[in-house]
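[1] Have a look; sequence and predicted model below, questions after that.
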Amino acid sequence: MTQGARNTPGRRSVLGAAVLGSAAVALPTAADAAERGRGGHGPSKPALPVPTIVGHRGASGYRPEHTLGSYQHALDLGAHVIEQDLVPTKDGHLVCRHENDITATTDVADHPEFADRKATKSVDGVSLTGWFTEDFTLAELKTLRAKERIPGVRQHNTLYDGRWTIPTFEEVLRWADEQGRRLGRTVWLYTETKHPTYFRGLGLGLEEPFAKLLRKYRRDRADSAIFLQSFEPSSMRRMAKLVDSPRVVLLDAAATRPWDFTVAGDPRTVADLVTPEGLKWMASFAQGIGPTLDLVIPKDAAGKLGKPTTLVRDAHAQGLILHPYTLRNENAFLPADFRRGTDPNAYGDAFGALKAYFEQGIDGIFTDNPDTGLLARADFVSR
């Protein structure tokens, strides 16, 4: 265990000693039991089917991402877990956006009162020009409306442009509790700290306010119905000192290096982290990894699936769960083997692609289309 880290549950604790294809995984919480013991009407104990279907940014294949509409639609479609990404406001509130650059996901460019907020910044070594959450108070952000990020691909999602505001993470926690009471079961969340080193350098550290909200809403325990995640291992190590909630290290392409490693002068790349030694190191402070799908099955020069790696086997050997990202229905995002026709925005054989990944023994998958994932899962576990 990493020095200073709290007791960390292993893969079998998180998944209830599940194996691929098992019906459900239970993680009872003390709060749920106490609520029922008081005669309350709290949700039933958390349970996760395996493989788990994670609604990526909600149901972002059908609604503008990271809106309450997207989260609700993912829940209504049956997603087992619903993802949020966290970035801060100028006054320290945590809001749900995939990036702090809100140019493409809000109507900020249509607000003349914010024209002077447009800026060019270097975020994790990438130069970006636009509008950034850290330059707005929460009250100012709430005057904006969310819109579809990639309208050229998902024109139908533009129907919902302007319908929702940017939600705070606290609003999402309240929504999850309300929906849990309505459904009679706990609503699982999967929440990422975005660019934590960058924001800590601005005096807007993410982990402390994140942990404070987790404690307030009783999602700070090892058996809480939430996964914490980050592309920066140091963020999850920091969270391990603050809460006991299950933690996942996200992994980009093999040749990339986590930004916190770059800042700290750590020479390791993702390729080093997916070795048995690297996996053992991550297992000292995390319960899972979220690799890009290419780390599970690489693609060849033609974009077709190649020979699977040993990552699933190696990660499981260290007690780590695997929730790879991201499966989307559109041809442009699918391996060439599963594309249908020549329109990159048309749907391909997402069912075939999901089956190929499920066969590797992954514990779950992120998808923009939770209903597709659920149908593919049903096919897979009924074999």
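    Looks like it arrived, so ask away.
[2] what about the strands in the stretch 201-350 of the chain?
    Along the stretch 201-350 of the chain, counting by DSSP state E, counting those that start in this stretch, strands occupy 226-230, 247-251, 288-291, 321-322.
[3] okay if I get those strands as a markdown table plus mean neighbour count?
    Yep, even glycine has a C-beta here, placed from its N, CA and C like the rest. Rendered in a markdown table, the data for the strands of the stretch 201-350 of the chain read as follows (neighbours: other Cβ atoms under 10 Å):
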| stretch | mean neighbour count |
| --- | --- |
| strand 226-230 | 27 |
| strand 247-251 | 25 |
| strand 288-291 | 26 |
| strand 321-322 | 26 |
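[4] any idea which element Arg377 lies in?
    Using DSSP states H and E, Arg377 sits within helix 370-381.
[5] for that helix, packing partners?
    strand 52-55, helix 68-77, helix 350-358 (3 or more Cβ pairs under 8 Å, 6 or more residues apart in numbering; DSSP states H and E).
[6] what's the spacing between Leu206 and Val172?
    15 Å (Cβ to Cβ, to the nearest Å).
[7] centroid residue for the chain?
    Ranked by distance to the mean C-alpha position of the chain (Cα atoms, centre = their mean), the top residue is Glu83 at 4.4 Å.
[8] OK, contacts around that residue?
    Val54, Gly55, His56, Arg57, Gly58, Leu189, Tyr190, Thr191, Glu192, Phe366 (Cβ atoms under 8 Å, 6 or more residues apart in numbering).
[9] So in terms of bridging, what pairs with it?
    Tyr190 (DSSP bridges).
[10] just to revisit the earlier point, and the helices and strands packed on helix 370-381: which comes nearest Ile297?
    Nearest to Ile297, of all the helices and strands packed on helix 370-381, is helix 350-358, at 6.8 Å by Cβ to Cβ.
[11] Could you list the alpha-carbon positions for the closest one in PDB?
    Listed in PDB are the C-alpha atoms of helix 350-358, where the atom choice follows Å, rounded to 0.1, in the frame of the first residue of the first chain:
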ATOM      1  CA  ALA A 350     -21.300  -2.000 -32.800                       C
ATOM      2  CA  PHE A 351     -22.700  -5.300 -31.500                       C
ATOM      3  CA  GLY A 352     -19.900  -7.200 -33.200                       C
ATOM      4  CA  ALA A 353     -17.300  -4.900 -31.800                       C
ATOM      5  CA  LEU A 354     -18.600  -5.100 -28.300                       C
ATOM      6  CA  LYS A 355     -18.600  -8.900 -28.500                       C
ATOM      7  CA  ALA A 356     -15.000  -8.900 -29.500                       C
ATOM      8  CA  TYR A 357     -14.000  -6.800 -26.500                       C
ATOM      9  CA  PHE A 358     -16.300  -8.800 -24.100                       C
END
